[in-house]
Every structure is written in structure tokens, then in C-alpha cells.
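Q: for reference, the sequence and a predicted model appear below.
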Amino acid sequence: MYRQLPRGVDPFVDIAIYLSKTKIDRIYDVGAHDGTVALGLHRRFPSAEIHCFEPVKATFNRLLANLQRHKTSNV
């Protein structure tokens, strides 16, 4: 059993632990797919500006629908 996950297992945990004093203003999600990661980033970094890039039109449309459904203002 781990008291905390080993480094590299969860990037969000790594950021919280190793960059806890770093203010994260802007995040780029390249290959954003349907927005799952962007929504997680939005929850963890509510004041950050998140830019999503998805080249596949059908997937991009799902991304937009998911972001609208979750009412994200900073993505």
C-alpha cells in the first residue's frame, strides 16, 4: 500500500505535490478528444484558462457538447 501514489502515476497528483506553489494560469489540452481531461483540469484548476485542440470534426463536436453541458466558462 502507498500513502501517496508513486510519482508519474497521476499527473494531477504530481502537479499538486511538486508544483504546489506554482500558479497555473493557462493549460493547453492538445488532442482533447471528448473533453474528459479538460473537465478534470477545470475542476482542479478553476482559475486557469484552458485551451482545447481536437482535429477530428466529429470528436470536436462531442467536445463542444460536453463542455456546454458542464457549463465550463474557462475552457
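A: Perfect, I can see it now.

Q: not counting sequence-adjacent ones, nearest residue to Val13?
A: Leu5 (5.4 Å; C-beta to C-beta, 6 or more residues apart in numbering). For the C-beta atoms, the positions are set from N, CA and C on the backbone; glycine is no exception.

Q: list the contacts of stretch 52-70.
A: 28-36, 38-39, 42, 75 (C-beta atoms under 8 Å, 6 or more residues apart in numbering).

Q: looking at the residues you listed, which has the most residues close by?
A: Scoring the contacts of stretch 52-70 on neighbours with other C-beta atoms under 10 Å, the highest-scoring entry is Gly35 at 27 neighbours.

Q: tell me who's in contact with that one.
A: Contacts of Gly35 (C-beta under 8 Å, 6+ apart): 52, 62-63, 66-67, 75.

Q: rerun at 10 Å
A: 29, 41-42, 50, 52, 54, 59-60, 62-70, 72, 75 (C-beta atoms under 10 Å, 6 or more residues apart in numbering).

Q: equivalent analysis for Pro6, please.
A: Counted by C-beta under 10 Å, 6+ apart, Pro6 has contacts 13-14.

Q: give me phi/psi at it?
A: The phi and psi values for Pro6, taken as degrees, to the nearest 10, are phi -60, psi 150.

Q: surely Asp10 touches Ala16?
A: Yes: look at Asp10 against Ala16 with C-beta atoms under 10 Å: they come within range, at 9.1 Å.

Q: now the terminal residues of stretch 41-59, how far apart.
A: Using C-alpha to C-alpha, to the nearest Å, one end of stretch 41-59 lies 19 Å from the other.

Q: to clarify, my last question referred to stretch 47-57.
A: Terminal-residue distance, stretch 47-57 (C-alpha to C-alpha): 28 Å.

Q: and that stretch, what's buried?
A: 48, 50, 52, 54 (16 or more other C-beta atoms under 10 Å).

Q: among those, which are in strands?
A: 50, 52 (DSSP state E).

Q: got any ranges where this structure has weak pLDDT?
A: Along the chain, segments meeting pLDDT under 70 span 1-2.

Q: perfect, that will be all.
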